[in-house]
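Q: Sequence and computational prediction follow.
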Amino acid sequence: MELSSEDLLRLNVLLANDIEAIRIDEQHMTVYGLARGNEARIPLCPNCRPEKYLRLVREMLSSHVLGSPGGYPVFLQRWTRMGQAREAQLDKLLLLGEPEAVIAVAGAAGLSDDLARRAWWAMPTADIARRLLEKDVVVKGRMGQELAAYLVEYLPFETEPLTVIATVRLILQSGLIDTEARGRIFRLGTHRNAYHIGFLDAVPDELPQPLPARDDYAGYRDRLAALVEHGNAYAAFLAKLLDAPGQTFLAVSEAQLQHPVDKYTVAALMDIIGNYFRPARCTAEPAGEIDAALKCTEKLMASARDELKALLEGVPELREEIGAMLTLAHAGERLVTPIIAVTTASGTLLRRKLEPVVNPVLQQYAVLRKTTDAPAGGRSNRRT
């Protein structure tokens, strides 16, 4: 079976031009070609079953572009086996009319802004937009804002929380959307927690609707600043926690801990918290259990040295806060893995199952925020 003579002629004419990308509309049996910003359209006239005819079309395109009718899978195997993974090969993949080939280009390390433009034309979907915005060259190029605008419009239709988190993180990259759009998306997080988790991941110190510094921060600012001048990293991080950025991060992330969506978002949130508190980590590896994290903090504070010792001596009134800071540096998915690995619960039921981990974490939050509504069940870092 071969292509109809009419289609074969028109496809050869299309390929003879300076084609940048090809897209196949399977539903309407139409081939589109992009050339110098213009779009060519070829309605197909199948002489057999549509799915078989489309396979013949792709074989013809592959033979012309790659010299083999096997298409993208065969090309990829040969490309990898022969060590020919060169950036110059990527443009060929966009001429095959195969979605998998477009996905491969969107995720390629050698992607350029112009290739991103062609890939987006070939497959304008949310998944492709996200893959493209993972590349710095695209974010800073001509396509960045266009892709971000599309994802902002499509965001309300995303149903998977992890996809929402990833989308929000990507569109919040510098220069992609304006302050008004950021504020609008953040407000939507009141009803969809995943939005706020995306903000926590992307801009933890630049969250909209910032809270003021802790009421007593002014009393410690100068002493902490003096320690920072001597290069004390712990003092710098503690100062941030007591100031507006830290207090805002704590308030927003605390709300997410108290109202979990599902186990996957809880795991992502715990990793985000752990990454935020990484500057306070004193051990090579974080603890795998909350009790171990608390014991590690006790041991560190009992035998404090160098910068930690200087911090404890410089602001002895903040001993509890320093302990909370050190404990939260152990936060991460590993703390909740034993629970979420054996449950399919969500919402309130999931919150109850997570209490052995979440309650002690929230106690540390209460210390840093200087609130009195921490749940029972965790141990404090108070020292007499």
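A: Thanks, I have the structure now.
Q: what domains does the record give for this structure?
A: 1-123, 124-206, 218-369 (automatic domain parsing).
Q: Distance from the chain centre to the shortest one, please.
A: Meaning domain 124-206. Here domain 124-206 is found 9 Å from its chain centre; the criterion is Cα atoms, centre = their mean, to the nearest Å.
Q: Now do the helices in the stretch 251-384 of the chain.
A: All helices of the stretch 251-384 of the chain, identified by DSSP state H, counting those that start in this stretch, fall at 263-276, 290-302, 306-314, 319-328, 333-340, 347-369.
Q: any chance of these in CSV, plus mean neighbour count and distance to residue 134?
A: Quick note: C-beta positions are derived from backbone N, CA and C, even for glycine. CSV is the format used below for these (neighbours: other Cβ atoms under 10 Å; distance: least, Cβ to Cβ, whole Å):
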stretch, mean neighbour count, distance to residue 134
helix 263-276, 21, 16
helix 290-302, 17, 32
helix 306-314, 16, 36
helix 319-328, 23, 28
helix 333-340, 19, 21
helix 347-369, 19, 29
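Q: returning to that earlier point: closest one to residue 212 among the domains of the chain?
A: Comparison of the domains of the chain against residue 212 by Cβ to Cβ identifies domain 218-369 as nearest, at 5.8 Å.
Q: And the average pLDDT for that closest one is what?
A: When pLDDT is averaged along domain 218-369, the result is 96.
Q: Over to it now: how far is its first residue from its last?
A: Using Cα to Cα, to the nearest Å, the end-to-end distance of domain 218-369 comes to 14 Å.
Q: Likewise for stretch 210-229?
A: Start-to-end, stretch 210-229 (Cα to Cα) is 26 Å.
Q: Distance to residue 212 for the domains of the chain - can I get that in TSV?
A: Shown next, in TSV, are the domains of the chain (distance: least, Cβ to Cβ, whole Å):
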stretch	distance to residue 212
domain 1-123	41
domain 124-206	15
domain 218-369	6
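Q: With respect to residue 94, which of the helices of the stretch 251-384 of the chain lies nearest?
A: Comparing the helices of the stretch 251-384 of the chain by Cβ to Cβ, helix 263-276 comes nearest, at 32.7 Å.
Q: burial count for residue 316?
A: 10 (other Cβ atoms under 10 Å).
Q: Turn the helices of the stretch 251-384 of the chain into TSV, columns for distance to residue 95.
A: Formatted as TSV, these follow (distance: least, Cβ to Cβ, whole Å):
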stretch	distance to residue 95
helix 263-276	37
helix 290-302	54
helix 306-314	58
helix 319-328	51
helix 333-340	42
helix 347-369	48
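Q: need the helices for the stretch 101-250 of the chain, in chain order.
A: 113-122, 126-133, 136-139, 144-154, 161-171, 179-188, 193-202, 218-229, 233-242, 244-258.
Q: Adding distance to residue 270 and mean neighbour count, write these out as a markdown table.
A: What follows is the helices of the stretch 101-250 of the chain, written out as a markdown table (distance: least, Cβ to Cβ, whole Å; neighbours: other Cβ atoms under 10 Å):
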| stretch | distance to residue 270 | mean neighbour count |
| --- | --- | --- |
| helix 113-122 | 33 | 22 |
| helix 126-133 | 23 | 21 |
| helix 136-139 | 27 | 18 |
| helix 144-154 | 25 | 18 |
| helix 161-171 | 13 | 22 |
| helix 179-188 | 21 | 15 |
| helix 193-202 | 11 | 23 |
| helix 218-229 | 27 | 14 |
| helix 233-242 | 18 | 22 |
| helix 244-258 | 9 | 20 |
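Q: export those helices to CSV and tack on distance to residue 321?
A: Below are the helices of the stretch 101-250 of the chain laid out as CSV (distance: least, Cβ to Cβ, whole Å):
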stretch, distance to residue 321
helix 113-122, 46
helix 126-133, 37
helix 136-139, 37
helix 144-154, 38
helix 161-171, 29
helix 179-188, 27
helix 193-202, 20
helix 218-229, 9
helix 233-242, 7
helix 244-258, 10
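Q: Those helices: which one's closest to residue 362?
A: Among the helices of the stretch 101-250 of the chain, the nearest to residue 362 by Cβ to Cβ is helix 244-258 (6.3 Å).
Q: Centre of the chain to that closest one, how far?
A: Worked out by Cα atoms, centre = their mean, helix 244-258 lies 19 Å from the chain centre.
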